[in-house]
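Next come a sequence and a model predicted from it.
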Amino acid sequence: MKRPIAALALVLAAALPGRAWAATVTIACSSVGIELALCRSGAEAWAERSGHAVEVVSMPNSATERLTLYQQYLSTGVADIDVYQIDVIWPGILGRHFVDLSPYIGADAVGRHFPAVVANNTVDGELKAMPWFVDAGLLYYRADLLDRYGLGVPRTWDDLIAAAQTIQTGERAAGNDRFWGYVWQGRAYEGLTCNALEWIDSAGGGAIVAPDGAVTVNNPAAAAALDTAAGWVDTISPPGVLNYDEEAARGVFQAGDAAFMRNWPYAWALLQGDESPVAGRVGVAPLPRGAGPGGHHTAALGGQQLAVSAYSEHPEAAADLVAYLTGMEEQRRRAVVGAFNPTLPALYEDPAVLGANPFLADLYEAVAAAVPRPSSIAGPLYNELSSAVWTAAHRTLSGEAPATAALAELERDLLRLSRGGRW
């Protein structure tokens, strides 16, 4: 057995007394919501099939704390943990500590997943993690209010602005002076990087950094997109949106005080809960597309992956566990039981999955169009890159600087950070 890891970690063994095991594989899983329980039951099912033993280690809820803990483990090169659950932006940050899974998981199995997620997890030509479940930015809307005002679901940002203004004006006239048209994540943090990426890319302004590492963010389409978003503040969005994260936006929308909201798929179940004032009155759609010939629907890619430690004493068994947990059968189970969004396109047509989660039919288009943040390109420098992005965006949203000036400064910062685009 491996020596104990963190004193606060809860280790849950799936081995049965008296049974001989070929290897013991340890997997670190998030404990957010039912994630730990589903991780444990999936790992136990793999242990029964494979003849190996498995230990499940509970990690902190906070992604920031989890990343710090992972960096502490991996920097020492210890073999205490074989499989890590990692965020979509961590393959580039932590990838040097993970094995290339390509020799262990066949190309056919890898090819069944959304290509954008596989590309995100590929660093310097090596598959550093397998997709486990996926998130993408979505537009939530009050279906009852669209019906009341005779409006359709917005397909462009201009559509959303017009609909938000119409509904906001009407609801305030009806007595709700707290009502706003659109809420989103405007605080200076990672969530604003996601929003800014969606605005810029949907307008044809690119994904901040090109696949070859070139810094592309300083362009007219990107500037126009940021200036447009700045115009929402204190018109269709509350001034306080500049301090909103995901939960702050959800709180306003779920209270019935907003017509539209940008958020991740997790919000769906909460909005439909028994205690939710808007239950049964909410719809989901892809985020609007940008204006002009280069405009299209864009959603920032989110989600979780599974990676095998380069210091594992049992890399083949660990990779087999990853293959099982990210495979069709297990992803179907997790979608039905826990509403986790599959990374396998085929499951978005699966009757059992759609029966449990009807909104997944609407999510497919958003996931298929999801754009990764440039974390794999930036590698260990991604946190600095993202900080520069959200700082520039926040300066424009708050009126501190026009988008042209903010993006010119951002370009200089990213060129300096990347040594001229050579990440």
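Yep, that arrived.

show me what contacts Gly303?
88, 117, 131-135, 341, 343 (CB atoms under 8 Å, 6 or more residues apart in numbering). For glycine as for every other residue, the C-beta is placed from the backbone atoms N, C-alpha and C.

so it is in which element?
Gly303 belongs to strand 299-308 when assigned by DSSP states H and E.

follow-up on the earlier one: out of the contacts of Gly303, which sit inside helices?
Val117 (DSSP state H).

Need the max-distance pair from the contacts of Gly303.
Val88 and Asn341 (12.1 Å; CB to CB).

So between those two, which is more surrounded?
Asn341 (27 against 24; other CB atoms under 10 Å).

Please tell me I have it right and the more buried one contacts Ala370.
No - proximity of Asn341 to Ala370 does not meet the contact threshold set by CB atoms under 8 Å, at 10.6 Å.

what residues are shared contacts of the two?
134, 136.

The residue sitting nearest the centre point of the chain and Gly77: what is the separation?
Of all residues in the chain, the one closest to the mean position by CA atoms, centre = their mean is Gly302, 1.6 Å from it. Distance of Gly302 to Gly77, computed by CB to CB, to the nearest Å: 29 Å.

Likewise for Ala408?
Taken as CB to CB, the span from Ala408 to Gly77 is 42 Å.

Compare the two (neighbour count), which wins?
Set Ala408 next to Gly77 and count neighbours by other CB under 10 Å: Ala408 wins out with 16 against 10.

Three-state assignment for the more buried one, please.
helix (DSSP: H, G, I helix; E, B strand; the rest coil).

Apart from its chain neighbours, what residue comes closest to it?
Asn218 (5.6 Å; CB to CB, 6 or more residues apart in numbering).

I'd assumed Leu407 was in contact with that neighbour.
Yes - here Asn218 lies in contact with Leu407, judged by CB under 8 Å, at a distance of 4.5 Å.

Neighbour count: these two, which is higher?
A count of neighbours by other CB under 10 Å puts Leu407 above the other of Asn218 and Leu407, at 26 against 22.

Contact partners for the more buried one?
Leu407 neighbours (CB under 8 Å, 6+ apart): 217-219, 222-223, 226, 392.

Which of the residues you listed has the largest number of neighbours?
Counting by other CB under 10 Å, top hit in those: Ala392 with 28 neighbours.

hmm, back to that, can you give me the pLDDT of the residue nearest to the centre of the chain?
Gly302 is assigned 93 on the pLDDT scale.

what are the bridge partners for it, then?
Asp135 (DSSP bridges).

Quick check: the gap between the closest residue to Ala249 other than its chain neighbours and Ile93.
Beyond its immediate neighbours in the sequence, the residue positioned closest to Ala249 (CB to CB, 6+ apart) is Val183, lying 4.3 Å away. Separation of Val183 from Ile93 (CB to CB): 30 Å.

try Leu38
Counting by CB to CB, the gap from Leu38 to Ile93 is 25 Å.

what about those two, which has more around it?
Ile93 (22 against 19).

pLDDT on the helix or strand that one falls within, on average?
Assigned by DSSP H and E, Ile93 falls within helix 91-94. For helix 91-94, mean pLDDT rounds to 94.

when you give positions from now on, start the count at 2
Sure, I'll start counting at 2 from here, so that last one is helix 92-95.

Please, where are all the strands along the stretch 202-351 of the chain?
259-264, 283-286, 300-309 (DSSP state E, counting those that start in this stretch).

Distance to Leu243 for these - can I get that in a markdown table?
Output for these, formatted as a markdown table (distance: least, CB to CB, whole Å):
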| stretch | distance to Leu243 |
| --- | --- |
| strand 259-264 | 14 |
| strand 283-286 | 25 |
| strand 300-309 | 19 |
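
coming back round to it: give the intersection of the neighbour lists for Val89 and Asn342.
With CB under 8 Å, 6+ apart, Val89 and Asn342 have common neighbours 136, 304.

Could you pull out the strands in the stretch 2-151 of the chain for me?
12-14, 25-31, 54-60, 84-88, 123-124, 127-128, 131-137, 139-143.

what packs against the fifth one?
Applying 3 or more CB pairs under 8 Å, 6 or more residues apart in numbering; DSSP states H and E, one finds that strand 123-124 makes contact with helix 92-95.

now the helix it packs on, how far from the chain's geometric center?
Mean C-alpha position of helix 92-95 versus that of the full chain (CA atoms, centre = their mean, to the nearest Å) differs by 15 Å.

Could you do stretch 407-422 as well?
25 Å.

Report the buried residues of it.
407-412, 414-415, 418-419, 422 (16 or more other CB atoms under 10 Å).

how about the CA coordinates for that stretch, as CSV?
Taking Å, rounded to 0.1, in the frame of the first residue of the first chain, the C-alpha atoms of stretch 407-422 are listed here in CSV:
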residue,chain,number,x,y,z
ALA,A,407,-7.3,47.9,-23.3
LEU,A,408,-6.6,45.4,-26.1
ALA,A,409,-3.5,47.1,-27.2
GLU,A,410,-2.2,46.9,-23.7
LEU,A,411,-3.3,43.3,-23.4
GLU,A,412,-1.4,42.5,-26.7
ARG,A,413,1.8,44.0,-25.2
ASP,A,414,1.3,42.1,-22.0
LEU,A,415,0.8,38.7,-23.8
LEU,A,416,3.7,39.3,-26.2
ARG,A,417,5.9,40.0,-23.2
LEU,A,418,4.6,37.0,-21.3
SER,A,419,5.1,34.7,-24.3
ARG,A,420,8.4,36.1,-25.5
GLY,A,421,6.8,37.3,-28.7
GLY,A,422,4.3,34.5,-29.1
